[in-house]
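In: Sequence first, predicted model second:
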Amino acid sequence: MKPIHSKGDILFRKPVLSDGAAVHDLIRRSPPLDLNSAYAYFLLCEHFADTSMVCLDAEGVIGFISAYFPPGRRDTLFVWQVAVDARQRGKRLAPMMLASLLARPECRHVRFLETTITPDNRASNRLFERFAADHGADIDSEAFIAGEQLGAGHPSEMLRRVGPLDAPLAKAS
């Protein structure tokens, strides 16, 4: 499989089915992300490969983004999870993954990024706020799912919407 691109010894590419177990392990090691079943990550790697991203180094999977187009909204990419291995944090791998994802032909019509984030997840909130600032885009926030609906003491999820993004700007990142 041809990589989307590489930076140094890091490869950025679409996930493949066989990445599922390593992605599941990465998410397990990445609190506060919610861990889904291994099966879910295999499906994400297979069914949502065009809108998801995996990063690898010599030791294996070090980054993952799961994303998809909400039904009927090809101008919006919903980013479900962003994970970066602890040894790679602070190296701006997450914004590089987002930029690489938006540079794909499948994402040429994306004008908005959406995600849900708990208010206490400072790293994710900073990622999307910085991404919006870097691209001269607005970022809005609204209540999405109340914590009591999610159960088991889960905090509320806020919908964050970044955009509009200039299509050429998104591709150039």
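Out: Sure thing, it's come through. Residues are numbered from 1 along each chain as shown.
In: can we go C-alpha only for contacts and neighbour counts from here?
Out: OK.
In: In which helix or strand does the nearest residue to Ala143 once chain neighbours are set aside reside?
Out: Closest residue to Ala143 apart from its sequence neighbours, by Cα to Cα, 6 or more residues apart in numbering: Met158 at 4.7 Å. Met158 is part of strand 157-163 when elements are defined by DSSP states H and E.
In: can you dump the C-alpha coordinates of that strand into CSV?
Out: C-alpha atoms of strand 157-163 as CSV (Å, rounded to 0.1, in the frame of the first residue of the first chain):
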residue,chain,number,x,y,z
GLU,A,157,-19.7,15.1,25.5
MET,A,158,-19.5,18.5,23.8
LEU,A,159,-19.8,18.8,20.0
ARG,A,160,-16.9,20.9,18.7
ARG,A,161,-17.2,22.1,15.1
VAL,A,162,-14.2,23.6,13.2
GLY,A,163,-14.8,25.5,10.0
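In: That one - which strands sit beside it in the sheet, and in what orientation?
Out: strand 112-117 (antiparallel), strand 138-145 (antiparallel) (DSSP bridges).
In: Between those strands, which one is closest to Arg74.
Out: Closest approach to Arg74 among the strands paired with strand 157-163 (Cα to Cα): strand 112-117, 9.5 Å.
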